[in-house]
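# Following is a predicted model, sequence given first.
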Amino acid sequence: MSDVSDLTRDHVGLADTWAARRYFEKFERINGYLARVAAAMATDRVLSKTDVKVLGRYLEALNGTFQALSHKYLLTGRDTGTFFGSLTVDVHESGFPVFEELMTMASDAPQAARHLAGMPGIEELKNEMVRSIVGDLEIPTKLQFALSQRLYYEALTNSGLFWVRNDPVAIWLGNAGDSAARNRYMVHWAVYDSQVNLPVIYLLELEDSGNHALPKDQWRWPRVQQHLMAQSIAGLKLVTIAQGFDSDFDDLHPKRLRRLRLGPMYSSAFTQQSGPISQVLEEARAPKGQDWALAWTTEELVSERVEWEKTGWFGKAEREIFALDPFSARGAETGATATERSIILPERQYQVLAEKNPPGFGSVRKYVVSGGGRVFAYR
């Protein structure tokens, strides 16, 4: 069994005030690009319009979570901020806050209204800060801390944050082929995976041959939600998740399952990396705020055909046979039909990457973001 210290040795607290603020500013910049990258993926037909709409909600929620954390840790390293410690980041294979940070947010959220009821309002705190600066000639550190915590709890009352669990939602896609008896749905959900400390989004397209619309079925829908959330683990192969779902629900037929992993985020200032990406970041010598690169991985599993299986004495049910990656027997290893690796990075990093052309990056799709906010796609 691994020692507990082995699990946390790559977790670092950002105890310096300016380091914490630079970290959140960096992610604010990155998050601002992601919706544009998703739109570029739609142009490349990597994603559909429905995919982009769904992803947009999760990207907006992720940005909200980072904003909430930035309020919480605004006074990191200052006397009043020491009570809350510092933001803990997985600096090795993630670059994102550790899972426990979002768990703490989830614990704080139900108590947010009670905290807010006992706090002065934002305008009152700002007026007191002005009086402290002008009248007392003091830096209002305690008032700044009080304001940061009020903003943190206000952010937690927003229902649109990215939590450790973001339960499944079903979108009706129309009828399945010529059959009016079958409905098609996209079921999407997301988790902040505790094993990899990264946000992971799942998109499942299925056909429903049941008698009631899936989202309104009081028996099946809660079971589907619990089943999918229980299987949302980074270490599980997509084929394992899909086959388990297929065997547990005879009238729900998974046709396409995708897993989108956002990250790791690489930065010379905040993370430890090795290999080509480390050399790219080092040689790029990017200016403040531009020292980063973000990986985006999409795994896809597609049903190839259907076979009938006996269930009980007289029944039978459809079972999906999934297509696995046929190249070099990798399908059995990955449990997916295809895996698409992408990297998002500023122009200077891309120039270095293109010049060095390191092994392993030839098949990676590159999305280059410019200072003006434009996104360019390259192979």
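Nice, thanks for sending it over.
# Run through the stretch 101-250 of the chain and note the low-pLDDT ranges.
Low-confidence segments of the stretch 101-250 of the chain (pLDDT under 70): 178-180.
# mind listing the strands in it by residue range?
Per DSSP state E, counting those that start in this stretch, the stretch 101-250 of the chain carries strands over the ranges 165-176, 179-193, 198-208.
# Of the ones you listed, flag the one that's most buried.
Most buried of the strands of the stretch 101-250 of the chain, by mean neighbour count (mean count of other Cβ atoms under 10 Å): strand 198-208, with a mean of 23. Heads up, the C-betas are built off the backbone N, CA and C, glycines and all.
# Throw the strands of the stretch 101-250 of the chain into a markdown table and include distance to N357, thanks.
Listed next are the strands of the stretch 101-250 of the chain as a markdown table, based on distance: least, Cβ to Cβ, whole Å:
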| stretch | distance to N357 |
| --- | --- |
| strand 165-176 | 38 |
| strand 179-193 | 32 |
| strand 198-208 | 27 |
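# Find the residue at the geometric middle of this protein.
P199 (2.5 Å; Cα atoms, centre = their mean).
# Quick check: closest non-adjacent residue to it.
L262 (4.9 Å; Cβ to Cβ, 6 or more residues apart in numbering).
# Could you measure from the one you found over to A117?
Separation of L262 from A117 (Cβ to Cβ, to the nearest Å) stands at 35 Å.
# Quick one: work out the angle between the helix or strand hosting the residue nearest to P199 and strand 179-193.
Element membership for L262 (DSSP states H and E) is strand 252-266. Angle, strand 252-266 to strand 179-193, by axes from the mean of the first three to the mean of the last three Cα atoms, to 10 degrees: 30 degrees.
# name the helices or strands packed onto strand 252-266?
If you count contacts as 3 or more Cβ pairs under 8 Å, 6 or more residues apart in numbering; DSSP states H and E, strand 252-266 packs onto helix 17-43, strand 198-208, helix 238-248, helix 276-284, strand 293-311, strand 315-323.
# What pLDDT is listed against F99?
We have a pLDDT of 96 for F99.
# any idea how far it is from I201?
16 Å.
# now swap in R223 and tell me
22 Å.
# partner residues bridging the closest residue to G174 other than its chain neighbours?
Once flanking residues are discounted, G174 sits nearest to R184: 5.7 Å by Cβ to Cβ, 6+ apart. Taking DSSP bridges, one obtains G174, E207 as the residues bridged to R184.
# In terms of packing, which of L262 and A117 has more residues around it?
Regarding L262 and A117, a neighbour count based on other Cβ atoms under 10 Å identifies L262 as having more, with 23 against 8.
# residues contacting the more buried one?
34, 62, 198-201, 294, 296 (Cβ atoms under 8 Å, 6 or more residues apart in numbering).
# distance of the residue nearest to P199 from A38?
According to Cβ to Cβ, L262 stands 11 Å off from A38.
# which of the helices and strands packed on strand 252-266 is buried the deepest?
Comparing those by mean neighbour count (mean count of other Cβ under 10 Å), strand 198-208 comes out on top with a mean of 23.
# coming back round to it: can you tell which of the strands of the stretch 101-250 of the chain is closest to A338?
strand 198-208 (14.0 Å; Cβ to Cβ).
# measure the residue nearest to P199 to W219 for me?
34 Å.
# likewise S194?
S194 is 30 Å from W219, by Cβ to Cβ.
# before we move on, what about D16?
With Cβ to Cβ as the criterion, D16 and W219 are 53 Å apart.
# one step back: so the residue nearest to P199 bridges to which residues?
In this entry, L262 is beta-bridged to W296, by DSSP bridges.
# per-residue confidence for it?
Looking at L262, its pLDDT reads 97.
# and if you look at R330?
At R330, pLDDT is 56.
# Verify the contact between P140 and N127 for me.
No: at 10.8 Å, P140 and N127 do not qualify as touching, with contact defined as Cβ atoms under 8 Å.
# out of those two, which sits in the more crowded spot?
A side-by-side neighbour count of P140 and N127, using other Cβ under 10 Å, places P140 first with 18 against 13.
# residue contacts, the more buried one?
Neighbouring residues of P140 by Cβ under 8 Å, 6+ apart: 128-129, 132-133.
# Can you tell me which of the residues you listed has the most neighbours?
M129 (19 neighbours).
# Pull stretch 151-164 out as PDB, backbone CA atoms only.
Provided in PDB are the C-alpha atoms of stretch 151-164 (Å, rounded to 0.1, in the frame of the first residue of the first chain):
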ATOM      1  CA  LEU A 151     -17.300  37.500  -2.200                       C
ATOM      2  CA  TYR A 152     -16.300  33.800  -1.700                       C
ATOM      3  CA  TYR A 153     -19.600  32.900   0.000                       C
ATOM      4  CA  GLU A 154     -21.600  34.900  -2.500                       C
ATOM      5  CA  ALA A 155     -19.900  32.900  -5.300                       C
ATOM      6  CA  LEU A 156     -20.900  29.600  -3.500                       C
ATOM      7  CA  THR A 157     -24.600  30.600  -3.700                       C
ATOM      8  CA  ASN A 158     -24.300  30.500  -7.500                       C
ATOM      9  CA  SER A 159     -25.700  27.200  -8.800                       C
ATOM     10  CA  GLY A 160     -23.500  27.300 -11.900                       C
ATOM     11  CA  LEU A 161     -20.200  26.200 -10.400                       C
ATOM     12  CA  PHE A 162     -18.200  23.200 -11.300                       C
ATOM     13  CA  TRP A 163     -18.400  20.800  -8.300                       C
ATOM     14  CA  VAL A 164     -16.700  17.500  -7.500                       C
END
